[in-house]
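*Asks:* can you look at this prediction? I've put the sequence above it.
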Amino acid sequence: MLQVRKIVYVDMDGVLVDFKSGISRLPADVVRRYEGHLDDAPGIFALMDPMPGALESYCELAARFDTYILSTSPWENPTAWSDKLEWVRKHLESVAWKRLILSHHKNLNAGDFLIDDRTKHGADRFAGEHIRFGSERFPDWQAVMAYLRGVDAEA
């Protein structure tokens with residue numbers, strides 16, 4: 001009998017990736033120029049560090065579930081799409097090989113879980129369970145993993 005694993009989507013910014021770490025690496029003139037919309041600063045997404053526990057957690061999820069990275073990329077930042085791909089290659093290599101989905105409509109992806117820190121871009125309409133990263137219930141990767149370790153990974 002074919003066993004099908006449940007699908008987990010993981011957001012990048014604020015979940016896998018520490019957005020603030022990229023800001024601190026931008027030149028001061030770029031920060032001033034893009035004040036209020038720093039996600040449009042060219043190259044910013046290539047400068048970010050992983051969130052604490054994110055890489056280990058993603059690898060563990062990928063071993064148990066059918067796991068994808070589901071992120072939104074700023075429309076006005078032409079380097080963001082390629083920077084996000086390069087970040088995944090650098091930090092997750094074969095674990096996330098061809099598992100990066102960039103969309104402004106996360107609700108169009110069918111799956112069981114979405115780990116996301118926000119409700120924007122369709123996360124609030126995702127048909128599966130939205131695990132709100134950074135919330136009181138799921139403040140960090142440790143809490144998320146404690147919850148998902150208790151979930152049956154098969155659909």
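*Replies:* Perfect, I can see it now. Numbers count the residues shown, from 1 in each chain.
*Asks:* so where's the protein shaky on pLDDT?
*Replies:* Within the chain, the ranges that satisfy pLDDT under 70 run 1.
*Asks:* would you mark the buried spots in stretch 45-53?
*Replies:* 45-51 (16 or more other CB atoms under 10 Å). For glycine as for every other residue, the C-beta is placed from the backbone atoms N, C-alpha and C.
*Asks:* for these, which one is nearest residue 84?
*Replies:* Nearest to residue 84, judged by CB to CB, of these is residue 45 at 5.3 Å.
*Asks:* which SS state does the closest one fall under?
*Replies:* Secondary structure, DSSP: H, G, I helix; E, B strand; the rest coil: residue 45 is helix.
*Asks:* do the one 10 residues further on as well
*Replies:* What three-state DSSP gives for residue 55 is helix.
*Asks:* so it touches residue 92, yeah?
*Replies:* Yes. The pair residue 55 / residue 92 is scored as a contact, 6.7 Å apart, by CB atoms under 8 Å.
*Asks:* which one's more surrounded, these two?
*Replies:* Neighbour tally, residue 55 and residue 92, criterion other CB atoms under 10 Å: the higher count belongs to residue 92, 20 against 15.
*Asks:* so what's residue 110 up against?
*Replies:* 7, 127-128 (CB atoms under 8 Å, 6 or more residues apart in numbering).
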